[in-house]
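# structure for the following, please:
(one chain, ligands or ions: 1)
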Amino acid sequence: MTQHLTFPPGFVWGAATASYQIEGAWQAGGKGESIWDRFSHTHGKIEDGHTGDAACDHYHLWPRDVALMQDLGLHAYRFSIAWPRILPTGRGAVNAAGLDFYDQLVDGLLAAGIQPYATLYHWDLPQALQDLGGWTNRDVAHWFADYADIVSRRLGDRIQHWITHNEPWVVAFMGEWLGVHAPGNRDLRRALAASHHLLVSHGLALEPLRANAGPAARLGITLNLTAVYPASDRSGDEAAAQRQDGFINRWFLDPLYRGRYPDDMLALFEGQMAEPQANDMALISRPFDFLGVNYYTRSVCKAARNGLLQIDTVQQPGEHTEMGWEVYPEGLYDLLTRVQRDYAPASIYITENGAAYADTVNGEGQVRDTRREVYLYEHFIQAQRAIAAGVPLHGYFVWSLMDNFEWSFGYNKRFGLIYIDYATQARTIKQSGLWYSQVTRQNGLA
Ligand code: IFM
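Prediction:
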């Protein structure tokens with residue numbers, strides 16, 4: 001690896017995690033049950049019966065984790081707040097111990113010179129709200145805004161970067177349509193209602209966040225976006241790629257940046273989705289400060305005869321990660337330049353990018369994860385290209401700071417810069433983490 005990497009001064013290098021994936025302590029400190037507690041405790045939902053009950057025990061070990069972040073030279077740490085720690089039943093009584101936990105974490109980060117980037121919703125909805133319909137119930141959007149208000153009143157003096165949602169596409173479609181994530185439903189109508197209410201809740205939450213975090217605070221939302229390509233230049237394949245782009249990318253980008261859903265998708269979903277209420281699209285398209293982009297792989301599509309979307313994704317030859325995802329760094333450049341061309345966000349952060357590999361600790365106590373290092377390096381090159389092409393990319397968060405609970409795959413996929421021994425909770429910085437600490441310190445590679 002010889003190419004030098006140079007990023008603009010002030011570029012933010014970080015790493016990301018999410019509450020359910022790392023905290024454990026699922027009943028500690030007055031926390032309520034979340035939909036992921038319920039889902040993972042349901043037989044057959046998660047590989048090998050794994051749960052997030054203990055995870056990386058970050059709830060107790062966070063001081064050690066902050067020290068490791070310092071070792072990595074992180075400028076910033078993106079974490080999520082567990083709604084049921086703050087409001088055990090989703091609304092009503094506030095759990096002081098939950099707020100205290102994040103308060104201490106934020107103070108610990110700032111004392112270590114690390115900027116906190118907080119995500120309010122990374123999928124652990126209070127189960128009590130799911131019992132009322134979850135995201136399919138419009139009222140949840142208002143309860144989300146109340147929750148945003150409570151958290152930002154307490155932490156808004158110290159957290160300058162707020163992300164309302166992480167990957168609302170995954171929440172709505174994998175949770176309510178494909179059934180592989182909590183709450184595990186298989187109903188397109190529910191998924192479409194949920195996706196709309198997630199967007200409404202984003203718009204509603206901006207107000208208390210701005211009021212409590214002050215004018216300097218930067219507010220954003222994170223989307224899982226993909227670079228989409230047709231498998232051939234046949235018109236059917238091009239149309240399939242267009243549908244995939246509509247389903248994954250434009251379904252969220254258009255409402256947020258243009259105040260309307262894409263017509264081709266509305267036609268496809270006809271009869272399955274309620275008409276938005278009068279003010280909804282204005283709410284959803286309220287100005288916000290940055291777009292968080294989670295990028296892992298591309299999607300190559302061809303026309304199919306089955307399914308609502310009539311798309312087959314075509315497996316590509318070449319390098320794949322342990323998730324079975326093709327390594328396609330150029331897709332990051334294509335995606336960023338396209339988002340910039342079509343939507344012109346004022347500011348973009350890569351809020352997640354990384355790779356799962358089957359890491360092991362060797363006899364010398366090291367984790368030699370060269371493939372992850374190469375994966376990251378190649379994606380950094382594409383980020384650098386995108387910046388040179390005029391994309392206002394201001395930071396990069398590697399997924400993930402540490403190995404963690406990878407949803408329906410349990411602990412069987414390791415994404416971390418830090419290896420976790422789940423039996424002992426020992427942490428080992430992987431080779432990729434040591435390499436990344438050079439990047440964070442040199443703002444690239446000299
Ligand atoms: O682990 C997830 C994360 O929670 C959301 N984005 C994708 C990651 C890898 O699958």
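# apart from its chain neighbours, what residue comes closest to the residue nearest in space to the middle of the chain?
Among the residues of the chain, residue 166 comes closest to the average C-alpha position under C-alpha atoms, centre = their mean, at 4.2 Å. Distances taken as C-beta to C-beta, 6 or more residues apart in numbering put residue 122 closest to residue 166, at 4.3 Å, once the chain neighbours are dropped. Where you see a C-beta, it was placed from the backbone N, CA and C, and this is true even at glycine.
# which ones are touching the one you found?
Residue 122 makes contacts with 18-21, 80, 166, as judged by C-beta atoms under 8 Å, 6 or more residues apart in numbering.
# re the thing from before, quick check: bridge partners of the residue nearest to the centre of the chain?
Here residue 166 sits in beta bridges with residue 222, going by DSSP bridges.
# list, one by one, the residues from the stretch 301-446 of the chain near the ligand.
Proximity of the stretch 301-446 of the chain to the ligand, by C-beta under 6 Å from any ligand atom, involves residues 352, 399, 406.
# out of the residues you listed, flag the one nearest to residue 217.
Nearest to residue 217, judged by C-beta to C-beta, of these is residue 352 at 21.2 Å.
# I'd say the closest one and residue 17 touch.
No. Assessed by C-beta atoms under 8 Å, residue 352 is found out of contact with residue 17, at 10.0 Å.
# related to what we said a few turns ago, as a markdown table, the residues of the stretch 301-446 of the chain next to the ligand with distance to residue 385 would be great.
A markdown table is the format used below for those (distance: C-beta to C-beta, whole Å):
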| residue | distance to residue 385 |
| --- | --- |
| 352 | 19 |
| 399 | 21 |
| 406 | 29 |
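# what's the closest of those residues to residue 203?
Of these, the one sitting nearest to residue 203 (C-beta to C-beta) turns out to be residue 352, at 22.7 Å.
# so what sits opposite that closest one in the bridge?
For residue 352, the beta-bridge partners are residue 294 (DSSP bridges).
# so what's the residue count around it?
For residue 352, the count of nearby residues is 25 (other C-beta atoms under 10 Å).
# ok, now residue 362?
Other residues lying near residue 362 total 9 when counted by other C-beta under 10 Å.
# could you find the closest non-adjacent residue to it?
Distances taken as C-beta to C-beta, 6+ apart put residue 368 closest to residue 362, at 6.4 Å, once the chain neighbours are dropped.
# returning to that earlier point: in JSON lines: the residues of the stretch 301-446 of the chain next to the ligand, plus pLDDT.
Shown next, in JSON lines, are those (pLDDT from 0 to 100):
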{"residue": "352", "pLDDT": "99"}
{"residue": "399", "pLDDT": "99"}
{"residue": "406", "pLDDT": "99"}
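# closest one of these to residue 430?
Lowest distance from residue 430 to those (C-beta to C-beta) belongs to residue 399, with 13.7 Å.
# run through the bridge partners of that closest one.
Counting by DSSP bridges, residue 399 forms beta bridges with residue 16.
# got any residues that touch both of residue 352 and residue 17?
Counting by C-beta under 8 Å, 6+ apart, the residues touching both residue 352 and residue 17 are residue 400.
# from the contacts of residue 122, which land in strands?
Of the positions in these, 80, 166 sit in strands, assigned by DSSP state E.
# mean confidence for the longest helix seen in the chain?
In terms of residue count, the longest helix belonging to the chain (DSSP state H) is helix 188-213. Mean per-residue pLDDT for helix 188-213: 98.
# which strands and helices lie in contact with that helix?
Secondary-structure packing of helix 188-213 (3 or more C-beta pairs under 8 Å, 6 or more residues apart in numbering; DSSP states H and E): helix 139-155, strand 161-166, helix 168-169, helix 175-176, strand 218-224, helix 251-258, helix 280-284.
# go again with 10 Å.
In terms of contacts (3 or more C-beta pairs under 10 Å, 6 or more residues apart in numbering; DSSP states H and E), helix 188-213 is packed against strand 115-121, helix 139-155, strand 161-166, helix 168-169, helix 175-176, strand 218-224, helix 251-258, helix 280-284.
# mind listing what's buried along that helix?
Residues of helix 188-213 classed as buried: 188-206, 208-210, 212-213 (neighbour count, 16 or more other C-beta atoms under 10 Å).
# same question for stretch 35-50.
By neighbour count on 16+ other C-beta under 10 Å, the buried set for stretch 35-50 is 35-40, 45-46, 50.
# where does this protein dip in pLDDT?
Residues of the chain meeting the criterion pLDDT under 70: 1-2.
# quick one, which of the helices and strands packed on helix 188-213 is nearest to residue 299?
Nearest to residue 299, of those and by C-beta to C-beta, is strand 218-224 at 11.1 Å.
# now the angle from the closest one to helix 251-258?
150 degrees (axes from the mean of the first three to the mean of the last three C-alpha atoms, to 10 degrees).
# strand 218-224 packs against which elements?
strand 115-121, strand 161-166, helix 168-169, helix 188-213, helix 251-258, strand 290-294, strand 348-352.
# turn these into a markdown table, including distance to residue 439.
Shown next, in a markdown table, are the helices and strands packed on strand 218-224 (distance: least, C-beta to C-beta, whole Å):
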| stretch | distance to residue 439 |
| --- | --- |
| strand 115-121 | 17 |
| strand 161-166 | 20 |
| helix 168-169 | 29 |
| helix 188-213 | 29 |
| helix 251-258 | 29 |
| strand 290-294 | 19 |
| strand 348-352 | 13 |
